[in-house]
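Chemist: the sequence and its predicted three-dimensional model are supplied below.
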Amino acid sequence: MTDTLPRQAGAAEAAPPTPAASRVDLGDLRVVHTRHWFRWSIGIVVLFVVAQFAWSLVTNENYEWDVFAHYFLSEPVLQGVGLTLLLTVVSASIGFFLGTLLALARLAKSPLLNSAAWLFIWFFRSVPLVVQIIVWYNLGYLYPTLGLGTPFTTDFWIVEFPTVQLISAFAAAILGLSLNQAAYSAEIIRGGLLSVDQGQLEAAAALGIPPRRRLTRIILPQAMRSIVPNATNEVIGLVKGASVVFVIALPEVFYAVQVIYNRNSRVIPLLLVAVVWYTIITTILSIAQYYIERHYARGTVRVLPPTPVQRARHWIAVQWARLGDSDSSPPPLEGADAAPLPPAAQHSNGDDAKFGGR
């Protein structure tokens, strides 16, 4: 009778803790971030180099930014930019059209088509672009006249043209750029077609789908994911490669700035004009490449990644929410084609931040 109460007190002290007492609030734990010393060191060095270069751009008077601003939107330069874009668009369109035909010929079962396509690609990839343009421009030395008539003769009784009048400087540039581009784009397109699983083609053939529809609806959409990055590189290279037409005195942007700085001896600011225009065109093409790749990625990913614009809008929403007094958090960053989260998934209760919560 005398030791009942002490034993009960000891039993109470030795009792296991209840589940409520064993819960740990994650909000009370201190988060220690990993320190990437090497990464930060390299970042500081890169930032210093960029800042030093930016400072030199502002303080170095030899750049002559006033001359740059004077000629950047001048009429000869704008006409040169327009001609560069025209050469790029026309040559890229013809080049990729011929490249598609050459790629299909390389994949054809006909040995004649296969050999002819291979010889075309081999020849135009072997000859430098500037040589091709000069040869086309001077084709009149080899063939004074071109036309249609009796085969294997020079009797052009149907139609006849003087070669010098038929192939102008612009036509020679288009021929050189287009045929050179066709040789390279043919291999890009062929590589993209070969990247598609052969089972896709076999399944489409087993379903009785016509060959043309197999190519346009099944093979090409899948191959475009491999074709687009390389094709964009070729188009960007074509923009800069169009500068070689200055050898035949076509006034594209590089030729235009050359003419100007040969007159006023302001070489650096005029070259900067060309550099900035090439950079603007390349940037626009790179943005177009991003969205084209995003379009053709819909068949391989469930949710498309957010675009830079969506990331920027989400960041602004987060910063705006931090300035406010409301406890509600901004919606999570989602892909453009993803379904919005239900309200129950966007907000959680306090028990989810604890171990052992129900």
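Modeler: Now that the structure is in, tell me what you want to look at.
Chemist: residue ranges for the strands of the stretch 51-200 of the chain, please.
Modeler: 145-148, 159-162 (DSSP state E, counting those that start in this stretch).
Chemist: I figured residue 192 hits residue 227, correct?
Modeler: Yes: if you go by C-beta atoms under 8 Å, residue 192 and residue 227 touch, sitting 3.7 Å apart. Backbone N, C-alpha and C define where each C-beta goes, glycine included.
Chemist: quick one, which of the strands of the stretch 51-200 of the chain gets closest to residue 207.
Modeler: Nearest to residue 207 among these is strand 145-148 (45.3 Å), distances taken as C-beta to C-beta.
Chemist: what's the mean pLDDT across the closest one?
Modeler: Across strand 145-148, pLDDT averages out at 82.
Chemist: so what does residue 210 have for phi and psi?
Modeler: phi -60, psi 150 (degrees, to the nearest 10).
Chemist: begin at 49 from here
Modeler: Taking 49 as the first residue, the last one we looked at is residue 258.
Chemist: measure it to residue 252 for me?
Modeler: 9 Å (C-beta to C-beta, to the nearest Å).
Chemist: higher neighbour count, those two?
Modeler: residue 252 (18 against 11; other C-beta atoms under 10 Å).
Chemist: so what's the more buried one up against?
Modeler: 262, 266 (C-beta atoms under 8 Å, 6 or more residues apart in numbering).
Chemist: tell me which of the strands of the stretch 99-248 of the chain is the most buried.
Modeler: Counting by mean count of other C-beta atoms under 10 Å, strand 193-196 has the highest mean neighbour count of these, with a mean of 14.
Chemist: ok, residues contacting stretch 271-282?
Modeler: With C-beta under 8 Å, 6+ apart as the test, stretch 271-282 has contacts from 140, 144, 229, 232-233, 236-237, 239-241, 243-244, 333-334, 336-337, 340-341, 344-345, 348.
Chemist: ah, wrong one, I meant stretch 227-243
Modeler: Counting by C-beta under 8 Å, 6+ apart, 139-140, 142-148, 150-151, 154-155, 165, 168-169, 171-173, 177, 180, 267-268, 270-275, 278-279, 282, 286 sit against stretch 227-243.
Chemist: now stretch 107-123
Modeler: In contact with stretch 107-123 (C-beta under 8 Å, 6+ apart) are residues 105, 125, 305, 308, 314, 316, 317, 318, 320, 321, 324.
Chemist: measure it end to end?
Modeler: One end of stretch 107-123 to the other measures 29 Å (C-alpha to C-alpha, to the nearest Å).
Chemist: now stretch 170-185
Modeler: 22 Å.
Chemist: what's in contact with that stretch?
Modeler: 215, 217, 219-221, 223-225, 227-228, 230-232, 289, 292-293, 295-296.
Chemist: if we go to 6 Å?
Modeler: 220, 221, 223, 224, 227, 228, 231, 292, 295, 296 (C-beta atoms under 6 Å, 6 or more residues apart in numbering).
Chemist: tell me where the model's unsure across the stretch 149-298 of the chain.
Modeler: Of all residues in the stretch 149-298 of the chain, none has pLDDT under 70.
Chemist: ah, wrong one, I meant the stretch 299-406 of the chain
Modeler: The model of the stretch 299-406 of the chain has pLDDT under 70 over residues 347, 372-406.
Chemist: using TSV, please lay out the strands of the stretch 99-248 of the chain together with distance to residue 73.
Modeler: TSV is the format used below for these (distance: least, C-beta to C-beta, whole Å):
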stretch	distance to residue 73
strand 193-196	87
strand 207-210	88
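Chemist: nearest to residue 86, out of these?
Modeler: strand 193-196 (65.5 Å).
Chemist: helices and strands around the closest one, which ones?
Modeler: strand 207-210 (3 or more C-beta pairs under 6 Å, 6 or more residues apart in numbering; DSSP states H and E).
Chemist: packing partners for the strand it packs on?
Modeler: So strand 207-210, by 3+ C-beta pairs under 6 Å, 6+ apart, packs with strand 193-196.
Chemist: show me what counts as buried in stretch 144-153.
Modeler: By neighbour count on 16 or more other C-beta atoms under 10 Å, the buried set for stretch 144-153 is 144, 146, 147, 148, 150, 151, 152, 153.
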